[in-house]
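Student: 3D, please:
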Amino acid sequence: MAVFNVKNLCETTRAKLSEAIAKMETFLNERSLQQLNTDKDEAMEEFYKGYLSDIRHLLVFSEVSYEKLGVALRRPNFNVEYAEKVLYEVYHSCVNNFFYPKNECYSEDGRYAYTGQDAIRFRKKPSREVRDLTIELSKIFETLRDELAYYETDYITQKRMQGEKV
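Tutor: Got it, this is the predicted structure:
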């Protein structure tokens, strides 16, 4: 990929990660497990524990990727190889962790992707604030997934053809 394209992609990816980080930090700083589980339901408490854990992990992955993109962009000579590696990591650590969360509190149902409806389906009915955060994040990570799809397949193929281990 051309240097200009990679640099541009790094800048837009970093901006989107910044937006996602801000939303997750605000949510996590303002809410606790007790605030979310107002009904004191044991099943919902487990659901929210898993959800909060997944969001915390996603926040950490996003912050690390954000910093790495910053390093790539601040270098006096833009290193395309390093930038492509970071974009690959963003796809696999951030985008995949959003769409395939460890605790599976929600999932993406592809059948709704082209209907204009939200493609995110929750395992249990969450509070409005959890639903809103997840839908907002899904829009950000969906855009990132579309922009970084190259790094899922072509980047790996290119590296393997060069004899590098990925």
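
Student: And residue 11, which helix or strand is it part of?
Tutor: Per DSSP states H and E, residue 11 falls inside helix 3-30.

Student: what residues are up against residue 4?
Tutor: By Cβ atoms under 8 Å, 6 or more residues apart in numbering, residue 4 lies in contact with nothing. All C-beta atoms are positioned from the backbone trio N, CA, C, and that covers glycine.

Student: Show me where the protein has its strands.
Tutor: Taking DSSP state E as the test, the strands found in the chain are 106-108, 120-122.

Student: Give the partner strands of the first one in its sheet and their orientations.
Tutor: So that's strand 106-108. Applying DSSP bridges, strand 106-108 is found paired with strand 120-122 (antiparallel).

Student: and the partner strand, how far out from the chain's middle?
Tutor: 16 Å (Cα atoms, centre = their mean, to the nearest Å).

Student: same thing with stretch 61-74?
Tutor: 14 Å.

Student: contact partners of that stretch?
Tutor: Residues outside stretch 61-74 that contact it (Cβ under 8 Å, 6+ apart): 7, 10-11, 13-14, 17-18, 20-21, 24, 78-79, 82-83, 86, 89-90, 93-94, 97.
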